[in-house]
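Novice: Got a sequence here, can you model it:
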Amino acid sequence: MEKNEPLVSVICITYNHAPYIRQAIEGYLMQKTTFKYEIIISDDASTDGTTEIIREYAAKYPDIIHPIYHAENEYSKGPNIAVTYWTPEARGKYWAVSEADDYWTDPNKLQIQIDFLETHHEYVMCFHNVDVISPIEEERHMYDHLQEGEYSGIEIYKKWTIPTCSVVFRNVIHFPISTFRDVCFGDIFLFLNLAQVGKLYCINRKMGVYRRNEGGVSFSMSLKKAKALIRQYIFMTKHFAASKEIVDYSEYCVLVYCWYIMYDSKEATIWDKFKYLRLEKKYAHERCLTKANILYCINVIRKGISDK
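Specialist: Now for the predicted structure:
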């Protein structure tokens with residue numbers, strides 16, 4: 001690394017975050033470090049004034065803030081881990097990623113995490129605890145289980161353990177652009193890939209805030225989202241084929257969202273239910289009562305035909 005290169009690249013992903021983005025940027029700028037860092041803000045064609053706020057900060061801090069303005073909304077074309085988190089503009093040995101509706105609260109956050117990674121070379125990533133803002137009481141405690149120490153890939157996968165705004169990782173994973181369109185939650189995919197090349201460590205100190213917004217990507221379920229998640233988990237079974245634990249859990253998740261479409265979705269048509277019944281049968285093996293599911297869908301089909 002050249003002398004003037006930043007040690008850390010902070011990657012901020014934003015789309016229509018005008019009410020929150022100032023708080024996010026101020027959290028990046030308040031960091032007290034002994035090293036140089038840069039802030040790259042990727043704006044996915046916002047329409048609510050977010051872009052103008054970014055321009056304001058970029059003009060004020062041109063040596064630190066480097067904006068990327070997408071002409072078209074990339075997410076609407078389909079989720080893409082490479083487009084979401086990877087940018088050739090980032091130069092840091094370490095990367096920190098966050099979405100603009102989350103924010104950092106501790107001015108020593110980056111220094112603490114970099115000090116850890118610089119002295120523990122066997123670890124590829126560290127993360128920390130956060131406070132959670134959510135209208136749902138239960139979700140405000142979603143990270144209460146975190147403890148100081150090492151975590152495995154399967155642990156973070158099953159419990160969705162890592163707050164994205166808390167991570168700092170070594171820049172050792174590289175994905176080709178325009179791939180992985182079936183990954184709708186790029187953060188967990190990234191973390192699992194990192195877990196394949198090094199250890200993960202949790203610092204049990206609250207240094208940020210994760211905001212659960214109603215209508216956000218991870219907040220509510222719908223037929224469209226269930227179908228996207230099924231595609232993601234099928235992709236995970238193939239990408240992580242060498243890990244039996246990840247494959248087994250991914251197959252279980254395929255079943256869960258098939259069951260959602262078959263039994264709970266009010267949007268699903270009869271043919272949706274029949275299609276995902278067939279998929280459920282493929283992944284069920286001996287995990288569930290497939291015969292009961294078949295009878296359920298037959299009854300739904302019969303009802304639908306009789307109602308016409």
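Novice: buried set for the helix or strand harbouring residue 208?
Specialist: Residue 208 belongs to strand 199-211 when assigned by DSSP states H and E. For strand 199-211, the neighbour count (16 or more other C-beta atoms under 10 Å) marks 199-203, 205-211 as buried. C-beta coordinates here come from the backbone N, C-alpha and C atoms, glycine included.
Novice: That strand pairs with which strands?
Specialist: strand 103-104 (antiparallel), strand 123-133 (parallel), strand 149-151 (antiparallel) (DSSP bridges).
Novice: Would you mind extracting the C-alpha trace of the very next helix or strand once past the last one into PDB?
Specialist: By that I understand strand 149-151. Counting by DSSP H and E, the next helix or strand C-terminal to strand 149-151 is helix 153-159. Extracted in PDB, the C-alpha atoms of helix 153-159 (Å, rounded to 0.1, in the frame of the first residue of the first chain):
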ATOM      1  CA  GLY A 153     -20.000 -19.200   9.300                       C
ATOM      2  CA  ILE A 154     -22.900 -21.500  10.100                       C
ATOM      3  CA  GLU A 155     -23.600 -19.600  13.400                       C
ATOM      4  CA  ILE A 156     -23.900 -16.300  11.700                       C
ATOM      5  CA  TYR A 157     -26.100 -17.900   9.000                       C
ATOM      6  CA  LYS A 158     -28.600 -19.500  11.200                       C
ATOM      7  CA  LYS A 159     -29.100 -16.600  13.600                       C
END
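Novice: Please, where are all the strands along the protein?
Specialist: 8-14, 37-43, 65-69, 94-99, 103-104, 123-133, 149-151, 168-170, 199-211 (DSSP state E).
Novice: Kindly reformat those as CSV containing distance to residue 246 and mean pLDDT.
Specialist: Putting the strands of the chain into CSV (distance: least, C-beta to C-beta, whole Å; pLDDT from 0 to 100) gives the following:
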stretch, distance to residue 246, mean pLDDT
strand 8-14, 25, 94
strand 37-43, 28, 95
strand 65-69, 32, 93
strand 94-99, 21, 93
strand 103-104, 30, 98
strand 123-133, 17, 96
strand 149-151, 14, 96
strand 168-170, 19, 96
strand 199-211, 14, 96
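Novice: ok, residue 27 touching residue 101?
Specialist: No: taking contacts as C-beta atoms under 8 Å, residue 27 lies outside contact range of residue 101: 11.8 Å.
Novice: pLDDT below threshold where in the stretch 201-308 of the chain?
Specialist: Applying pLDDT under 70 to the stretch 201-308 of the chain flags residues 213-220, 285-308.
Novice: As a check, name the ranges of all helices in the protein.
Specialist: 21-29, 50-60, 81-85, 109-119, 153-159, 186-195, 223-239, 244-259, 270-284, 290-307 (DSSP state H).
Novice: Show residues contacting the second one.
Specialist: Residues from elsewhere that reach helix 50-60, judged by C-beta atoms under 8 Å, 6 or more residues apart in numbering: 14-18, 21-22, 25, 41, 43, 65-67, 69, 100.
Novice: Residue 6: which of those residues is nearest?
Specialist: Using C-beta to C-beta, the shortest approach to residue 6 within the contacts of helix 50-60 belongs to residue 66, at 10.0 Å.
Novice: residues near that closest one, how many?
Specialist: 19 (other C-beta atoms under 10 Å).
Novice: For it, which residues are in contact?
Specialist: 38-41, 58, 89.
Novice: and with 6 Å instead?
Specialist: 40, 89 (C-beta atoms under 6 Å, 6 or more residues apart in numbering).
Novice: so what's it bridging to?
Specialist: Bridge pairing for residue 66 - DSSP bridges - gives residue 40.
Novice: pull the CA atoms of stretch 189-196 into PDB?
Specialist: Output of stretch 189-196 as PDB, limited to C-alpha atoms (Å, rounded to 0.1, in the frame of the first residue of the first chain):
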ATOM      1  CA  PHE A 189     -23.500 -14.000   1.200                       C
ATOM      2  CA  LEU A 190     -20.400 -11.800   1.700                       C
ATOM      3  CA  PHE A 191     -19.900 -12.800   5.400                       C
ATOM      4  CA  LEU A 192     -20.200 -16.500   4.500                       C
ATOM      5  CA  ASN A 193     -17.500 -16.100   1.800                       C
ATOM      6  CA  LEU A 194     -15.300 -14.400   4.200                       C
ATOM      7  CA  ALA A 195     -15.800 -17.200   6.700                       C
ATOM      8  CA  GLN A 196     -14.400 -19.600   4.100                       C
END
